[in-house]
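1. My questions concern the predicted model and sequence given below.
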Amino acid sequence: MSKFLNEPRDAVVEGLRGFARCHADEVVLNERPRFVRRRNPNRNKVGVISGGGSGHEPLHAGYVGFGMLDAAVPGEVFSSPSPDQILAAAQAVAGSPGVLFIVKNYSGDVMNFEMAAEMFDGETRRVLVEDDVAVENSTYTVGRRGVAGTLVVEKIAGAAAEQGADLETCARLAEEAIARTRTMGVALGGCRVPTADRPNLEMAPGEMELGVGIHGEPGRRRVPLQKADAIVSELLDAVLQDLGTPGDEPVLLFVNGFGGTPLMELYLLYDAACRILDERKVKICRSLVGNYVTSLEMPGASVTLTRMSDPMLTLWDAPVRTPGLRWGG
Amino acid sequence: MSKFLNEPRDAVVEGLRGFARCHADEVVLNERPRFVRRRNPNRNKVGVISGGGSGHEPLHAGYVGFGMLDAAVPGEVFSSPSPDQILAAAQAVAGSPGVLFIVKNYSGDVMNFEMAAEMFDGETRRVLVEDDVAVENSTYTVGRRGVAGTLVVEKIAGAAAEQGADLETCARLAEEAIARTRTMGVALGGCRVPTADRPNLEMAPGEMELGVGIHGEPGRRRVPLQKADAIVSELLDAVLQDLGTPGDEPVLLFVNGFGGTPLMELYLLYDAACRILDERKVKICRSLVGNYVTSLEMPGASVTLTRMSDPMLTLWDAPVRTPGLRWGG
Amino acid sequence: MGRMSPPDGDIAVFLHCLQAVCGELLANEAELSALDRAIGDGDHGANLCRAAHALLEAADDLSSLPLPKALERAGMLVVTSVGGASGPLYGTMLMALGRAWPQDATAGAVADVLEQAMEAVGRRGRSTVGEKTMLDVLVPAARAFRESVASGSLGAALQAMVDAADSGLAATRPMRATKGRAAYVGERSIGHLDPGAASARLCLRAVARVLCESGSKELRS
Amino acid sequence: MGRMSPPDGDIAVFLHCLQAVCGELLANEAELSALDRAIGDGDHGANLCRAAHALLEAADDLSSLPLPKALERAGMLVVTSVGGASGPLYGTMLMALGRAWPQDATAGAVADVLEQAMEAVGRRGRSTVGEKTMLDVLVPAARAFRESVASGSLGAALQAMVDAADSGLAATRPMRATKGRAAYVGERSIGHLDPGAASARLCLRAVARVLCESGSKELRS
Ligand SMILES: Nc1ncnc2c1ncn2[C@@H]1O[C@H](COP(=O)(O)OP(=O)(O)O)[C@@H](O)[C@H]1O
Ligand SMILES: Nc1ncnc2c1ncn2[C@@H]1O[C@H](COP(=O)(O)OP(=O)(O)O)[C@@H](O)[C@H]1O
Ligand SMILES: [Mg+2]
Ligand SMILES: [Mg+2]
Ligand SMILES: [Mg+2]
Ligand SMILES: [Mg+2]
């Protein structure tokens, strides 16, 4: 896991500088405190802001733009951003309709966004994404981790805000997306944080980590590598068991790569997921396949299902123009 | 390098099935012989067809769609497609204005496309992409390899064809793009073909292979890993030396990931490239950063420069709507 | 018992504590990260070293402030430099200390403020003792200090605090985490020390050592 | 010297050759790929095994055709199943053999056709002997066969062909490749055998063995 680096501790800011320069027509990077915002924020709409540790690119900065986020707040690799960054981002993009914070459910992110909201002089709402069914914590004192489903929440809430929905409505739609979204992932290897000298997950060849998170954290269990169909079947079992059989409601099927798995294999997993869902009479209405919520160079993937209501479908289909996601007029 | 597979030999077709199902509104997969085409081909324009070994996704099938390719012909992993596939693709999309074949310069691809052209009943032109400056073969009996620059050629020629240019013009513009495009790459590790039990390039940690191709083939030389700035400087030196100093003509700067390098590092390389080009007074007019021409999960990247003329800029900016590249109205 | 240090010495002692704490953190980065790698995301050492660098850089500025303000500012620096979970927690602790710092800083008054600060940490983290976090060190240590200070010397109280920190850390090993990232690995968190508890113990020991020396009291090591 | 096999035996001998060649390819997949990994892209074994599978599957169909058609069809099968560089080359060789196969297949006539087929391969690849490719085996082997057939027994001619293939392969080791993927590694191709030359030798040896047996001649191994 050699890396392209100058000073390891500068990786995040150098990466962001490149990102901002490459997409200078769409975004602006503020270096101190660090956040990325739309070049032309619209202060008459709800400001949608997300953030979290870096290393999950294109999440979150890649989703800043029309129809999605107004600002993204990148922390160090796999570490939450600090309240001053979040506050500055909110001040830079917020208008009178207030700010929606989309936060992945990790103690660090929760607390840092909370402190920022306490300091911010304006209306805020916060939603916690917790789509990872891998966590089997029966007591659920912390809830679940937020993983790839975050993209779905950002897209839905971002589209609603773009259409002029008020803060309450944006928050409610985000909550609805969260309630309807479940994910489970699997890693075939680890990843290395630039400043670390060892990988986060050490795996022997032929092993896989079922239920892995997006930081190379341990998952449910370490088992021998299986065939793709068997892996996808296990992931979908876990997701569907938790989500409940969608019945007549169609699903968004999102196969997300963690960064180190070739696109060919992601589409192969998607093909397997389609076959399995067809068998189980689950109707797929929308699809997304690619490296959207990554863990640096980790080989592996997650499968996300979202039960789509009609309004959610409309919001999902709404135009989006960001460096990382782009469709529609 | 564990992989998501069922039968290793089925990886390509299962990946293509997933791809075609995911993008069913835009493309159609023909399984026997194997090719991918636009769902609604326009037979009144020049048909632009490319193809080559699989394992470089999203190249080529990911670039089938409005403003780029009409069909893509995927071979086995890192192996040229066969003439019957190419022929069938040409027959499926070609109209009276004829067919342009965009071929990466590898003996296998050259010969297979040549045989297909011999069998095809219609007008064809072929261009050979050979942008890789790493090959120091002074005799140049085979020319150079076609690598990431292929995307540039496909975009330019595809846009021209979409605007109704005739076969001669499309071929000339493609040739011009080829003449103005140079690439050099570096790998930090290898990649493994699904049917093989060993990686294509075996590297110790802390080594890098300068001038690597897009199949994990050996490059110019194996050297110790350097800082990102030094690596980019060496890549740009090689590219600029061969391309000639662009003078007043601005360049397209394309930093391409081979599949296993995090986006953060690609943008960091891009940032370094911008700084170095700024110093050398080379003007950057367009940029592209991402995993566009990959080598399975290979960690590494290449830097491509294209000297952009005004007509090329217009063609580059023209709308494109494909699974892998998308912009404009 | 009187003041913990002479009035105009407050800030000097604070600076000594700060330097000692930062020194410990920088010296133990690898160990803290290794603990975090086992049940978290492996960055606890790096996170706290960012804080240490920020604090050391700001030491001059801090020393020009009255102690309560210096504590608050140090807390804010920790929050802004760390991110992660430990930033808001340690930052909240320092800010709470600063906000409630007694006019007349007797050991007893400081002990009360210390306990309140640990409660503020628990509120920030929505956590309590027994969840395998830094609270398992911070809360018993503060309690031991308060209880011992009421009945004995400052030196003895510091010693009681350090002892409680030691056993608080050890107690995290058999626990199953229910807060922080380690909660996500469930059963698999059992058998490992909590990284935040380990850093809390390091910091408390460093502070106790400085206070003990500046008060010319001895501290068993 | 007369016909290489009785008229109605042509296709049977062809089938034996086909099976022997395919068997060799399947048995040597790993070795051919390993050679290709050193100076190419590591798929030569896999490429030719796809051809072998396709040919074996079609064996029944092929045996119902006249020999020239069977050769042409086999060539097309190689082309369509392989892709890569070796597909069009071996395919062109078989198709050229089929197209020019003599009505009266005397050894001498076949030798001429064989040489023409090798020339067709060179035209397809725009390559010639000495460039570190399969041609370094195919061309000298065909020449040796033709020269020897003119002056001696079929068995001796086959032996000469096999010997020439052996030394043709060995000759590729010190060469610097100027065609095919290996050309891209330049100097670094020196010191390795060419994978296509290795497969060509395997195929020729398999054919010679069958022809020798069917003609009851002996072949040194
Ligand atoms: N809710 C919480 N309450 C108290 N302490 C917590 C809480 N969440 C995390 N911690 C502490 O923070 C430590 C982890 O800090 P750190 O690694 O710096 O942050 P992160 O978990 O965001 O990477 C844990 O070991 C634990 O002691
Ligand atoms: N232009 C050419 N002329 C003759 N033989 C060639 C040529 N190009 C390649 N070859 C032969 O093909 C072999 C490689 O075949 P293979 O690995 O199947 O195809 P690819 O190179 O497309 O992966 C080389 O070892 C060489 O013998
Ligand atoms: Mg962290
Ligand atoms: Mg090949
Ligand atoms: Mg941590
Ligand atoms: Mg090969």
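-> Ah, there it is. Ligands and ions are numbered 1, 2, ... in the order given.
2. can we go C-alpha only for contacts and neighbour counts from here?
-> Will do.
3. near ligand 6, which residues of chain C show up?
-> Contacts of chain C with ligand 6, taken as Cα under 5 Å from the ion, are absent.
4. Might you list the low-confidence residue ranges for chain C?
-> Along chain C, segments meeting pLDDT under 70 span C:1-9, C:216-221.
5. Spell out, range by range, the strands that occur in it.
-> With DSSP state E as the definition, chain C shows no strands.
6. got a list of what A:Asp10 touches?
-> By Cα atoms under 8 Å, 6 or more residues apart in numbering or on different chains, no residues touch A:Asp10.
7. part of a strand, is it?
-> No. Secondary structure of A:Asp10 (DSSP: H, G, I helix; E, B strand; the rest coil): helix, not part of a strand.
8. Tell me, what's the model's pLDDT at it?
-> At A:Asp10, the model reports a pLDDT of 97.
9. can you check the one 5 residues further on too?
-> A:Gly15 is assigned 98 on the pLDDT scale.
10. Now do the strand or helix carrying A:Ala238: which elements does it pack against?
-> Using DSSP states H and E, A:Ala238 maps to helix A:228-243. On a contact count with 3 or more Cα pairs under 8 Å, 6 or more residues apart in numbering or on different chains; DSSP states H and E, helix A:228-243 meets strand A:181-187, helix A:263-279, strand A:300-307.
11. What strands flank the helix or strand that it is followed by, and is each parallel or antiparallel?
-> Under the assignment DSSP H and E, the closest C-terminal helix or strand after helix A:228-243 is strand A:251-257. Strand A:251-257 pairs in its sheet with strand A:284-290 (parallel), strand A:300-307 (antiparallel), by DSSP bridges.
12. Let me know the angle separating strand A:251-257 from strand A:181-187.
-> 30 degrees (axes from the mean of the first three to the mean of the last three Cα atoms, to 10 degrees).
13. ok now strand A:251-257, how far from the chain's centre?
-> Remark: strand A:251-257 is offset 12 Å from the chain centroid, using Cα atoms, centre = their mean, to the nearest Å.
14. same thing with stretch C:160-167?
-> Per Cα atoms, centre = their mean, the centroid offset for stretch C:160-167 relative to its chain is 12 Å.
15. List the buried residues in it.
-> Residues C:Ala160, C:Met161, C:Val162, C:Asp163, C:Ala164, C:Ala165, C:Asp166 are the ones in stretch C:160-167 that count as buried (16 or more other Cα atoms under 10 Å in any protein chain shown).
16. Turn those residues into CSV, including distance to ligand 1.
-> Output for the buried residues of stretch C:160-167, formatted as CSV (distance: Cα to the nearest ligand atom, whole Å):
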residue, distance to ligand 1
C:Ala160, 21
C:Met161, 18
C:Val162, 17
C:Asp163, 18
C:Ala164, 16
C:Ala165, 13
C:Asp166, 14
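17. partner strands of the helix or strand hosting A:Ile102, parallel or antiparallel?
-> Secondary structure assignment for A:Ile102, by DSSP H and E: strand A:99-104. Strand A:99-104 has its sheet partners listed here by DSSP bridges as strand A:47-54 (parallel), strand A:124-129 (parallel).
18. Mind checking what helix or strand follows the longest one in sequence?
-> Put plainly, it is strand A:47-54. Under the assignment DSSP H and E, the closest C-terminal helix or strand after strand A:47-54 is strand A:71-77.
19. Output that following strand as CSV - backbone C-alpha positions only.
-> Extracted C-alpha coordinates of strand A:71-77, given in CSV (Å, rounded to 0.1, in the frame of the first residue of the first chain):
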residue,chain,number,x,y,z
ALA,A,71,-20.9,22.7,1.6
ALA,A,72,-18.8,19.8,2.8
VAL,A,73,-16.5,19.8,5.8
PRO,A,74,-13.6,17.4,5.5
GLY,A,75,-11.7,16.3,8.6
GLU,A,76,-8.4,14.5,8.7
VAL,A,77,-8.4,11.0,7.2
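20. Would you mind pulling the contact partners of it?
-> By Cα under 8 Å, 6+ apart, strand A:71-77 touches A:12, A:34-38, A:47-55, A:60-61, A:64, A:80-82, A:85-86, A:89-90, A:93, A:193-194, C:83.
21. and it, how far out from the chain's middle?
-> For strand A:71-77 - counting by Cα atoms, centre = their mean - the centre lies 12 Å from the chain centre.
22. Would you tell me what the next helix or strand after it is?
-> With elements assigned by DSSP H and E, the helix or strand that comes after strand A:71-77 is helix A:83-93.
23. Which residue ranges of chain C form helices?
-> Remark: helices assigned in chain C by DSSP state H are C:10-27, C:29-39, C:44-57, C:59-63, C:67-82, C:86-100, C:107-125, C:135-151, C:154-172, C:195-214.
24. Name the nearest residue to A:Leu235, ignoring sequence neighbours.
-> Of all residues not flanking A:Leu235 in the chain, A:Met184 sits nearest, at 5.7 Å (Cα to Cα, 6 or more residues apart in numbering or on different chains).
25. name the element the residue nearest the centre of chain A belongs to?
-> Geometric centre of chain A, nearest residue: A:Thr150, 3.5 Å, by Cα atoms, centre = their mean. A:Thr150 is part of helix A:149-162, with elements assigned from DSSP H and E.
26. What is that helix packed up against?
-> Using 3+ Cα pairs under 8 Å, 6+ apart: helix A:149-162 touches strand A:47-54, strand A:99-104, strand A:124-129, helix A:167-179, strand A:181-187, helix A:310-317.
27. list the buried ones in the longest one?
-> Of the residues in helix A:167-179, those buried by neighbour count under the rule 16+ other Cα under 10 Å are A:Leu167, A:Cys170, A:Ala171, A:Leu173, A:Ala174, A:Glu175, A:Glu176, A:Ala177, A:Ile178.
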